[in-house]
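Novice: here you go, sequence then predicted model.
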Amino acid sequence: MRSACDTSDMSLTLGVVMDPIESITPYKDTTQAMLLAAAARGWSLHVMEQRDLYLVQGKAFARRRRVRVFDDHTHWFEAEQAADAPLSEHDIILMRKDPPFDMDYVYTTYFLERAAADGVLVGNRPGSLRDVNEKLFTAWFSEFCPSTLVTASRERLRGFIKEHGDAIVKPLDGMGGAGIYRLTPQDPNLNMILEGITLNDTRQIMAQRYVPEIVDGDKRVLVIGGKPVDHALARIPAAGETRGNLAAGGRGVPVPLGTREREIAEAVGPELVRRGLDFVGLDVIGDYLTEINVTSPTCARELDAHARGLAVTDIDPSRAYTSGIADRYLDVLEARLKGS
(Lines give C-alpha, C1' and ligand atoms only; values in the text may rest on other atoms or scores of the structure.)
Protein backbone atom coordinates (compact mmCIF):
# COMPACT_ATOMS: atom_id res chain seq x y z
CA MET A 1 0.00 0.00 0.00
CA ARG A 2 1.46 3.32 -1.08
CA SER A 3 1.24 6.59 0.75
CA ALA A 4 -1.99 8.46 0.01
CA CYS A 5 -0.08 11.63 -0.85
CA ASP A 6 1.64 9.88 -3.77
CA THR A 7 -1.47 9.09 -5.87
CA SER A 8 -1.11 11.76 -8.58
CA ASP A 9 1.27 10.76 -11.46
CA MET A 10 1.48 7.07 -10.57
CA SER A 11 -0.16 3.80 -11.43
CA LEU A 12 -2.37 2.46 -8.68
CA THR A 13 -2.95 -1.20 -7.91
CA LEU A 14 -6.60 -2.22 -8.03
CA GLY A 15 -8.04 -5.46 -6.71
CA VAL A 16 -11.60 -6.51 -7.49
CA VAL A 17 -13.57 -9.15 -5.60
CA MET A 18 -16.12 -10.39 -8.13
CA ASP A 19 -17.83 -13.39 -9.62
CA PRO A 20 -15.58 -15.37 -11.99
CA ILE A 21 -14.54 -12.97 -14.73
CA GLU A 22 -14.93 -15.86 -17.19
CA SER A 23 -18.68 -15.97 -16.46
CA ILE A 24 -19.67 -12.32 -16.92
CA THR A 25 -21.57 -10.87 -19.88
CA PRO A 26 -18.94 -8.26 -20.75
CA TYR A 27 -20.94 -5.82 -22.87
CA LYS A 28 -23.37 -5.12 -20.02
CA ASP A 29 -21.23 -5.81 -16.95
CA THR A 30 -20.65 -2.78 -14.73
CA THR A 31 -17.62 -4.34 -13.03
CA GLN A 32 -16.04 -4.81 -16.45
CA ALA A 33 -16.67 -1.11 -17.10
CA MET A 34 -14.77 -0.28 -13.91
CA LEU A 35 -11.88 -2.54 -14.93
CA LEU A 36 -11.73 -0.95 -18.38
CA ALA A 37 -11.76 2.56 -16.93
CA ALA A 38 -8.98 1.65 -14.49
CA ALA A 39 -6.94 0.09 -17.30
CA ALA A 40 -7.27 3.31 -19.31
CA ARG A 41 -5.64 5.09 -16.35
CA GLY A 42 -2.72 2.68 -16.41
CA TRP A 43 -3.65 0.96 -13.16
CA SER A 44 -2.48 -2.56 -12.37
CA LEU A 45 -5.52 -4.86 -12.22
CA HIS A 46 -6.10 -8.00 -10.15
CA VAL A 47 -9.27 -10.08 -9.77
CA MET A 48 -10.23 -12.53 -7.06
CA GLU A 49 -13.26 -14.47 -5.90
CA GLN A 50 -14.62 -14.75 -2.38
CA ARG A 51 -13.14 -18.22 -1.99
CA ASP A 52 -9.67 -16.82 -2.78
CA LEU A 53 -9.52 -14.64 0.35
CA TYR A 54 -7.98 -15.88 3.58
CA LEU A 55 -6.55 -14.71 6.91
CA VAL A 56 -3.21 -15.60 8.50
CA GLN A 57 -2.79 -14.34 12.08
CA GLY A 58 -5.26 -11.57 11.36
CA LYS A 59 -3.63 -10.45 8.10
CA ALA A 60 -5.72 -10.65 4.92
CA PHE A 61 -4.40 -12.40 1.81
CA ALA A 62 -5.83 -13.52 -1.52
CA ARG A 63 -4.96 -15.83 -4.34
CA ARG A 64 -5.35 -13.27 -7.10
CA ARG A 65 -4.88 -13.07 -10.86
CA ARG A 66 -3.41 -10.10 -12.66
CA VAL A 67 -5.54 -9.32 -15.70
CA ARG A 68 -5.65 -7.24 -18.85
CA VAL A 69 -9.12 -6.29 -20.05
CA PHE A 70 -10.57 -5.50 -23.47
CA ASP A 71 -13.84 -3.97 -24.68
CA ASP A 72 -14.70 -7.01 -26.75
CA HIS A 73 -17.62 -9.47 -26.69
CA THR A 74 -15.55 -12.59 -27.16
CA HIS A 75 -12.13 -11.72 -25.75
CA TRP A 76 -12.67 -9.46 -22.75
CA PHE A 77 -9.73 -10.44 -20.55
CA GLU A 78 -6.40 -12.19 -20.30
CA ALA A 79 -5.17 -13.46 -16.95
CA GLU A 80 -1.78 -14.38 -15.59
CA GLN A 81 -1.31 -17.40 -13.37
CA ALA A 82 -2.83 -16.97 -9.91
CA ALA A 83 -0.47 -16.03 -7.10
CA ASP A 84 -0.87 -15.34 -3.39
CA ALA A 85 -0.35 -11.83 -2.03
CA PRO A 86 -1.38 -9.71 0.95
CA LEU A 87 -4.44 -7.59 0.28
CA SER A 88 -2.37 -4.68 1.58
CA GLU A 89 -0.50 -4.69 -1.75
CA HIS A 90 -3.53 -3.02 -3.31
CA ASP A 91 -4.22 0.69 -3.18
CA ILE A 92 -7.93 0.14 -3.80
CA ILE A 93 -10.15 -2.93 -3.58
CA LEU A 94 -13.66 -3.01 -5.04
CA MET A 95 -16.20 -5.39 -3.53
CA ARG A 96 -18.26 -6.28 -6.60
CA LYS A 97 -19.49 -9.78 -5.77
CA ASP A 98 -23.12 -10.17 -6.78
CA PRO A 99 -25.68 -11.26 -4.20
CA PRO A 100 -26.88 -13.46 -2.56
CA PHE A 101 -25.99 -11.61 0.60
CA ASP A 102 -25.24 -14.75 2.60
CA MET A 103 -22.78 -15.63 5.36
CA ASP A 104 -19.95 -16.08 2.86
CA TYR A 105 -20.57 -12.49 1.76
CA VAL A 106 -20.49 -11.36 5.39
CA TYR A 107 -17.21 -13.21 6.01
CA THR A 108 -15.71 -11.49 2.95
CA THR A 109 -16.54 -8.08 4.44
CA TYR A 110 -14.56 -9.03 7.55
CA PHE A 111 -11.53 -9.98 5.41
CA LEU A 112 -11.83 -6.65 3.59
CA GLU A 113 -12.00 -4.79 6.89
CA ARG A 114 -8.64 -6.31 7.79
CA ALA A 115 -7.29 -4.96 4.49
CA ALA A 116 -8.76 -1.54 5.29
CA ALA A 117 -7.00 -1.63 8.65
CA ASP A 118 -3.75 -1.98 6.68
CA GLY A 119 -4.55 1.19 4.73
CA VAL A 120 -6.33 -0.17 1.66
CA LEU A 121 -9.31 1.84 0.41
CA VAL A 122 -12.25 -0.54 0.02
CA GLY A 123 -15.34 0.47 -1.93
CA ASN A 124 -18.03 0.14 -0.88
CA ARG A 125 -17.06 0.24 2.82
CA PRO A 126 -17.26 -3.33 4.17
CA GLY A 127 -19.00 -2.49 7.44
CA SER A 128 -21.65 -0.51 5.58
CA LEU A 129 -22.24 -3.40 3.20
CA ARG A 130 -23.16 -5.45 6.26
CA ASP A 131 -25.27 -2.74 7.87
CA VAL A 132 -27.27 -1.57 4.87
CA ASN A 133 -29.86 -4.13 3.85
CA GLU A 134 -30.96 -3.17 0.36
CA LYS A 135 -34.65 -3.33 1.25
CA LEU A 136 -34.73 -2.37 4.91
CA PHE A 137 -32.49 0.70 4.52
CA THR A 138 -35.39 2.45 2.81
CA ALA A 139 -36.88 2.78 6.32
CA TRP A 140 -34.34 5.57 6.95
CA PHE A 141 -36.09 7.51 4.16
CA SER A 142 -39.68 6.39 4.65
CA GLU A 143 -41.08 9.76 3.57
CA PHE A 144 -40.11 8.81 0.00
CA CYS A 145 -41.45 5.23 0.12
CA PRO A 146 -44.84 3.72 -0.68
CA SER A 147 -46.80 2.32 2.27
CA THR A 148 -44.56 -0.44 3.60
CA LEU A 149 -44.79 -3.23 6.16
CA VAL A 150 -42.02 -5.60 7.27
CA THR A 151 -43.21 -8.57 9.29
CA ALA A 152 -43.06 -12.34 9.65
CA SER A 153 -46.79 -12.47 10.43
CA ARG A 154 -49.12 -13.79 7.75
CA GLU A 155 -52.01 -12.16 9.58
CA ARG A 156 -50.41 -8.71 9.37
CA LEU A 157 -49.54 -9.26 5.72
CA ARG A 158 -53.12 -10.28 4.92
CA GLY A 159 -54.36 -7.16 6.70
CA PHE A 160 -51.94 -4.97 4.73
CA ILE A 161 -53.01 -6.50 1.42
CA LYS A 162 -56.69 -6.06 2.35
CA GLU A 163 -56.10 -2.43 3.34
CA HIS A 164 -54.33 -1.47 0.11
CA GLY A 165 -56.08 -3.85 -2.26
CA ASP A 166 -52.94 -4.54 -4.27
CA ALA A 167 -49.46 -5.16 -2.85
CA ILE A 168 -46.01 -6.47 -3.63
CA VAL A 169 -44.40 -8.91 -1.17
CA LYS A 170 -40.74 -9.88 -1.31
CA PRO A 171 -38.00 -11.45 0.80
CA LEU A 172 -35.41 -9.16 2.37
CA ASP A 173 -32.48 -11.07 0.85
CA GLY A 174 -33.69 -11.49 -2.74
CA MET A 175 -32.18 -10.15 -5.97
CA GLY A 176 -33.11 -9.95 -9.62
CA GLY A 177 -36.83 -10.15 -8.89
CA ALA A 178 -36.61 -13.56 -7.22
CA GLY A 179 -39.38 -14.37 -4.75
CA ILE A 180 -41.50 -11.30 -5.58
CA TYR A 181 -45.30 -11.67 -5.68
CA ARG A 182 -48.07 -9.24 -6.52
CA LEU A 183 -51.07 -10.11 -4.35
CA THR A 184 -54.66 -8.95 -3.94
CA PRO A 185 -57.17 -9.99 -1.26
CA GLN A 186 -59.01 -12.07 -3.89
CA ASP A 187 -55.97 -14.09 -4.94
CA PRO A 188 -56.98 -17.75 -4.51
CA ASN A 189 -53.41 -18.66 -3.58
CA LEU A 190 -52.97 -15.83 -1.05
CA ASN A 191 -52.76 -17.97 2.07
CA MET A 192 -50.50 -20.55 0.45
CA ILE A 193 -48.10 -17.89 -0.87
CA LEU A 194 -47.91 -16.10 2.49
CA GLU A 195 -47.36 -19.40 4.26
CA GLY A 196 -44.50 -20.26 1.93
CA ILE A 197 -42.82 -16.86 1.73
CA THR A 198 -42.87 -16.36 5.54
CA LEU A 199 -41.88 -19.98 6.23
CA ASN A 200 -44.91 -20.28 8.49
CA ASP A 201 -44.52 -16.95 10.29
CA THR A 202 -40.76 -17.30 10.90
CA ARG A 203 -39.16 -15.19 8.12
CA GLN A 204 -39.39 -11.41 7.85
CA ILE A 205 -41.00 -10.24 4.60
CA MET A 206 -41.46 -6.79 3.08
CA ALA A 207 -44.84 -5.74 1.70
CA GLN A 208 -45.28 -2.51 -0.27
CA ARG A 209 -48.37 -0.97 -1.76
CA TYR A 210 -48.39 -1.73 -5.48
CA VAL A 211 -47.29 1.29 -7.50
CA PRO A 212 -49.02 1.16 -10.92
CA GLU A 213 -46.36 3.39 -12.49
CA ILE A 214 -44.23 0.24 -12.73
CA VAL A 215 -45.58 0.01 -16.30
CA ASP A 216 -43.36 3.01 -17.09
CA GLY A 217 -40.35 1.28 -15.55
CA ASP A 218 -38.55 0.59 -12.29
CA LYS A 219 -35.91 3.32 -12.57
CA ARG A 220 -32.36 2.53 -11.50
CA VAL A 221 -30.71 5.77 -10.38
CA LEU A 222 -26.96 5.48 -9.91
CA VAL A 223 -25.53 7.66 -7.13
CA ILE A 224 -21.75 8.14 -7.19
CA GLY A 225 -20.01 9.93 -4.35
CA GLY A 226 -23.44 11.08 -3.16
CA LYS A 227 -24.40 12.63 -6.53
CA PRO A 228 -26.85 11.13 -9.03
CA VAL A 229 -26.02 10.34 -12.65
CA ASP A 230 -28.05 12.48 -15.08
CA HIS A 231 -29.93 9.55 -16.61
CA ALA A 232 -31.67 6.58 -15.03
CA LEU A 233 -32.31 3.19 -16.59
CA ALA A 234 -36.06 2.54 -16.63
CA ARG A 235 -36.47 -1.23 -16.48
CA ILE A 236 -39.83 -1.86 -18.10
CA PRO A 237 -41.60 -5.16 -17.35
CA ALA A 238 -42.13 -7.66 -20.11
CA ALA A 239 -45.72 -8.29 -21.24
CA GLY A 240 -47.65 -10.07 -18.51
CA GLU A 241 -44.96 -9.35 -15.88
CA THR A 242 -45.03 -7.19 -12.75
CA ARG A 243 -41.26 -7.14 -12.22
CA GLY A 244 -39.06 -4.72 -14.14
CA ASN A 245 -35.80 -6.46 -13.21
CA LEU A 246 -33.59 -7.13 -16.23
CA ALA A 247 -32.95 -10.61 -14.83
CA ALA A 248 -36.73 -11.19 -14.99
CA GLY A 249 -36.97 -10.14 -18.63
CA GLY A 250 -37.38 -6.40 -18.20
CA ARG A 251 -36.29 -4.02 -20.96
CA GLY A 252 -33.85 -1.23 -20.07
CA VAL A 253 -34.59 2.24 -21.44
CA PRO A 254 -32.38 5.22 -20.47
CA VAL A 255 -34.44 8.25 -19.38
CA PRO A 256 -33.43 11.70 -18.10
CA LEU A 257 -33.52 12.04 -14.35
CA GLY A 258 -36.73 13.71 -13.25
CA THR A 259 -37.33 16.18 -10.43
CA ARG A 260 -38.57 13.49 -8.05
CA GLU A 261 -35.62 11.17 -8.69
CA ARG A 262 -33.22 14.05 -8.03
CA GLU A 263 -35.06 14.96 -4.83
CA ILE A 264 -34.75 11.40 -3.55
CA ALA A 265 -31.08 11.07 -4.56
CA GLU A 266 -30.17 14.38 -2.93
CA ALA A 267 -31.88 13.32 0.30
CA VAL A 268 -30.19 9.90 0.41
CA GLY A 269 -26.77 10.97 -0.94
CA PRO A 270 -25.26 12.58 2.18
CA GLU A 271 -26.00 9.50 4.29
CA LEU A 272 -24.44 7.26 1.65
CA VAL A 273 -21.28 9.36 1.68
CA ARG A 274 -21.16 9.28 5.47
CA ARG A 275 -21.26 5.50 5.35
CA GLY A 276 -18.59 5.18 2.64
CA LEU A 277 -21.09 3.95 0.05
CA ASP A 278 -19.80 5.65 -3.08
CA PHE A 279 -21.45 3.50 -5.77
CA VAL A 280 -25.13 2.89 -5.10
CA GLY A 281 -28.25 2.17 -7.14
CA LEU A 282 -31.59 3.60 -6.02
CA ASP A 283 -34.73 1.93 -7.34
CA VAL A 284 -37.57 4.39 -7.94
CA ILE A 285 -41.06 3.51 -9.20
CA GLY A 286 -43.24 6.51 -9.97
CA ASP A 287 -42.61 8.92 -7.11
CA TYR A 288 -41.44 6.26 -4.67
CA LEU A 289 -38.13 4.86 -3.45
CA THR A 290 -38.39 1.07 -3.19
CA GLU A 291 -34.80 -0.21 -2.70
CA ILE A 292 -31.25 1.05 -2.08
CA ASN A 293 -28.76 -1.27 -3.77
CA VAL A 294 -25.23 -1.21 -2.32
CA THR A 295 -23.69 -4.63 -3.01
CA SER A 296 -22.90 -4.51 -6.74
CA PRO A 297 -25.20 -2.05 -8.54
CA THR A 298 -25.41 -2.40 -12.30
CA CYS A 299 -26.71 -0.55 -15.40
CA ALA A 300 -23.59 1.59 -15.96
CA ARG A 301 -22.83 0.15 -19.39
CA GLU A 302 -26.38 0.69 -20.65
CA LEU A 303 -26.28 4.33 -19.54
CA ASP A 304 -22.78 4.86 -20.93
CA ALA A 305 -23.84 3.44 -24.29
CA HIS A 306 -26.83 5.79 -24.35
CA ALA A 307 -24.55 8.76 -23.59
CA ARG A 308 -22.47 7.81 -26.63
CA GLY A 309 -25.54 7.40 -28.84
CA LEU A 310 -25.07 3.63 -29.09
CA ALA A 311 -26.92 0.46 -28.22
CA VAL A 312 -25.28 -1.41 -25.38
CA THR A 313 -24.20 -4.16 -27.81
CA ASP A 314 -22.41 -1.74 -30.15
CA ILE A 315 -18.84 -2.50 -29.09
CA ASP A 316 -16.02 -1.18 -31.25
CA PRO A 317 -12.76 -2.80 -30.02
CA SER A 318 -10.71 -0.43 -32.19
CA ARG A 319 -11.95 2.63 -30.29
CA ALA A 320 -10.60 3.64 -26.89
CA TYR A 321 -13.06 2.78 -24.16
CA THR A 322 -14.66 5.62 -22.23
CA SER A 323 -17.07 5.30 -19.33
CA GLY A 324 -18.32 8.46 -17.73
CA ILE A 325 -19.93 6.49 -14.92
CA ALA A 326 -16.97 4.25 -14.05
CA ASP A 327 -14.58 7.20 -14.39
CA ARG A 328 -16.70 9.24 -11.98
CA TYR A 329 -16.47 6.40 -9.47
CA LEU A 330 -12.70 6.09 -9.85
CA ASP A 331 -12.38 9.88 -9.46
CA VAL A 332 -14.25 9.65 -6.14
CA LEU A 333 -11.99 6.84 -4.95
CA GLU A 334 -8.83 8.69 -5.96
CA ALA A 335 -10.04 11.74 -4.08
CA ARG A 336 -10.67 9.58 -1.03
CA LEU A 337 -7.13 8.22 -1.28
CA LYS A 338 -5.63 11.68 -1.46
CA GLY A 339 -7.72 12.90 1.44
CA SER A 340 -7.22 9.89 3.70
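Specialist: Right, received. Where do you want to start? Every value quoted in this text rests on a predicted model; they were computed, and no experiment measured them.

Novice: alpha carbons only for contacts and neighbour counts from here, please
Specialist: Fine.

Novice: residue boundaries of the helices in the stretch 51-200 of the chain?
Specialist: For the stretch 51-200 of the chain, helices defined by DSSP state H, counting those that start in this stretch occupy the ranges 103-117, 126-131, 154-164, 190-197.

Novice: sec struct for the residue nearest in space to the middle of the chain, please.
Specialist: Centroid check for the chain by CA atoms, centre = their mean gives P297 as the closest residue, at 2.0 Å. At P297 the chain is in coil, as set by DSSP: H, G, I helix; E, B strand; the rest coil.

Novice: OK, contacts around it?
Specialist: Contacts for P297 (CA atoms under 8 Å, 6 or more residues apart in numbering) come out as 30, 222, 279-281.

Novice: JSON lines for the helices of the stretch 51-200 of the chain, including distance to R301 and mean neighbour count?
Specialist: Shown next, in JSON lines, are those (distance: least, CA to CA, whole Å; neighbours: other CA atoms under 10 Å):
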{"stretch": "helix 103-117", "distance to R301": "25", "mean neighbour count": "18"}
{"stretch": "helix 126-131", "distance to R301": "23", "mean neighbour count": "18"}
{"stretch": "helix 154-164", "distance to R301": "37", "mean neighbour count": "17"}
{"stretch": "helix 190-197", "distance to R301": "34", "mean neighbour count": "16"}
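
Novice: quick one: closest of those to G252.
Specialist: For the helices of the stretch 51-200 of the chain, proximity to G252 was assessed by CA to CA; helix 126-131 is nearest, at 26.1 Å.

Novice: can you redo the helices of the stretch 51-200 of the chain as CSV with mean pLDDT and distance to V215?
Specialist: Shown next, in CSV, are those (pLDDT from 0 to 100; distance: least, CA to CA, whole Å):
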stretch, mean pLDDT, distance to V215
helix 103-117, 97, 33
helix 126-131, 97, 31
helix 154-164, 98, 19
helix 190-197, 97, 23
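
Novice: R156 versus the residue lying closest to G252 once chain neighbours are set aside, what's the distance?
Specialist: Distance criterion CA to CA, 6 or more residues apart in numbering; nearest residue to G252, sequence neighbours excluded, is R235 at 4.5 Å. Distance of R235 to R156, given as CA to CA, to the nearest Å: 30 Å.

Novice: what's the answer for T13, then?
Specialist: T13 sits 51 Å away from R156, going by CA to CA.

Novice: as TSV, the helices of the stretch 51-200 of the chain with distance to G249 would be great.
Specialist: Output for these, formatted as TSV (distance: least, CA to CA, whole Å):
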stretch	distance to G249
helix 103-117	26
helix 126-131	27
helix 154-164	26
helix 190-197	22
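
Novice: give the contact list for G269.
Specialist: By CA under 8 Å, 6+ apart, the contact list for G269 reads 223, 225-227.
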